[in-house]
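Asker: No sequence on hand, only this structure:
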Ligand code: SF4
Ligand code: SF4
């Protein structure tokens with residue numbers, strides 16, 4: 001993420017609490033607890049490739065039984081993802097995905113402490129260790145560090161360290177660049193959401209129109225032009241994304257452009273001229289998708 005974009009995002013989205021910030025914070029906590037920490041900790045679903053104590057629905061079971069039992073919830077979850085992405089686009093990317101959550105945490109810490117400070121680096125490192133430990137707990141009982149063989153401890157420690165380093169790199173360097181260029185799930189959701197019925201729209205407000213300040217463009221983590229998601233032809237896509245996808249399918253519905261625009265009009269006591277909308281006007285097919 002470019003320095004100027006980084007700065008603009010910090011000033012408008014984190015220093016000033018806008019329309020979506022509060023909702024997203026609660027959602028982040030819910031997602032972290034419900035989907036990341038609680039399932040393995042409570043035994044709702046957990047694998048243990050060291051001790052062989054796999055759990056499904058709070059009962060210990062064999063690896064194959066656990067996998068087999070999980071197939072139906074897995075199918076249902078994926079069906080929901082397909083329907084949601086097809087109908088309303090990439091809200092999962094903008095609101096639920098843990099990658100976006102930790103990217104926002106990193107932005108907030110950078111704003112609070114400064115990018116070069118020890119406090120910032122150590123806070124990010126601590127979060128990386130905690131998140132990586134939560135991730136590891138899905139696949140191995142961490143008692144392996146106390147009771148496992150040297151080989152088992154070495155393998156787990158190397159995986160743990162690698163995951164921690166990847167999360168740290170995501171928080172300090174990549175942030176939303178990962179979503180913009182490299183996330184394979186994002187490509188999948190974008191293809192599913194080619195014809196979804198939601199998006200960002202510009203309100204035609206005569207008494208306080210758009211100021212053409214371009215702040216919405218600057219803060220957009222996907223490098224889109226929020227005012228022209230419907231009107232503009234598909235741009236060349238970044239990274240592993242396919243060329244020719246409609247800009248609306250690339251939009252992760254994060255609402256950062258809406259918040260930035262609210263910030264622009266804040267001193268006038270008005271809301272911004274961008275809003276999240278719903279309707280057939282958003283059904284913009286791909287121009288010519290190149291696989
Ligand atoms: S256009 Fe707006 S809602 Fe879409 S990704 Fe960009 S900032 Fe987020
Ligand atoms: S932030 Fe709002 S006022 Fe500024 S260019 Fe975007 S839509 Fe217009």
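Answerer: Nice, I can see it. Only a predicted model underlies this, so the values are computations on that prediction, with no experimental measurement involved. Numbering: from 1, shown residues only. Ligands and ions are numbered 1, 2, ... in the order given.
Asker: Return the residues in contact with residue 267.
Answerer: Residue 267 makes no contacts at all, as judged by CB atoms under 8 Å, 6 or more residues apart in numbering. (C-beta placed from N, C-alpha, C; glycine too.)
Asker: Distance-wise, check it relative to ligand 1.
Answerer: 21 Å (CB to the nearest ligand atom, to the nearest Å).
Asker: likewise residue 68?
Answerer: 39 Å.
Asker: Pull up the gap between that residue and residue 94, please.
Answerer: 34 Å (CB to CB, to the nearest Å).
Asker: Ok, residue 275 next?
Answerer: 15 Å.
Asker: Over to residue 175?
Answerer: Distance, residue 175 to residue 94, using CB to CB: 14 Å.
Asker: more neighbours, residue 275 and residue 94?
Answerer: Remark: of residue 275 and residue 94, residue 94 carries more neighbours, 21 against 16, as counted by other CB atoms under 10 Å.
Asker: So the more buried one sits against residue 254, correct?
Answerer: Yes. Under the criterion of CB atoms under 8 Å, residue 94 is in contact with residue 254, at a separation of 3.5 Å.
Asker: got any residues that touch both of these two?
Answerer: residue 100.
Asker: Count the residues that sit near residue 114.
Answerer: 11.
Asker: Report the contact partners of it.
Answerer: By CB under 8 Å, 6+ apart, residue 114 lies in contact with residue 120.
Asker: Point out the residues in the stretch 101-250 of the chain that sit beside ligand 1.
Answerer: Counting by CB under 6 Å from any ligand atom, the residues of the stretch 101-250 of the chain lying close to ligand 1 are 200, 220, 221, 222, 224, 226.
Asker: So which of those wins on neighbours?
Answerer: residue 200 (28 neighbours).
Asker: helix or strand for it, which one?
Answerer: strand 198-202 (DSSP states H and E).
Asker: Quick check: residues of this protein near ligand 2?
Answerer: Counting by CB under 6 Å from any ligand atom, the chain sits next to ligand 2 at 210-216, 227, 260-261, 264, 272-274.
Asker: okay, how far is it across stretch 139-156, tip to tip?
Answerer: 10 Å (CA to CA, to the nearest Å).
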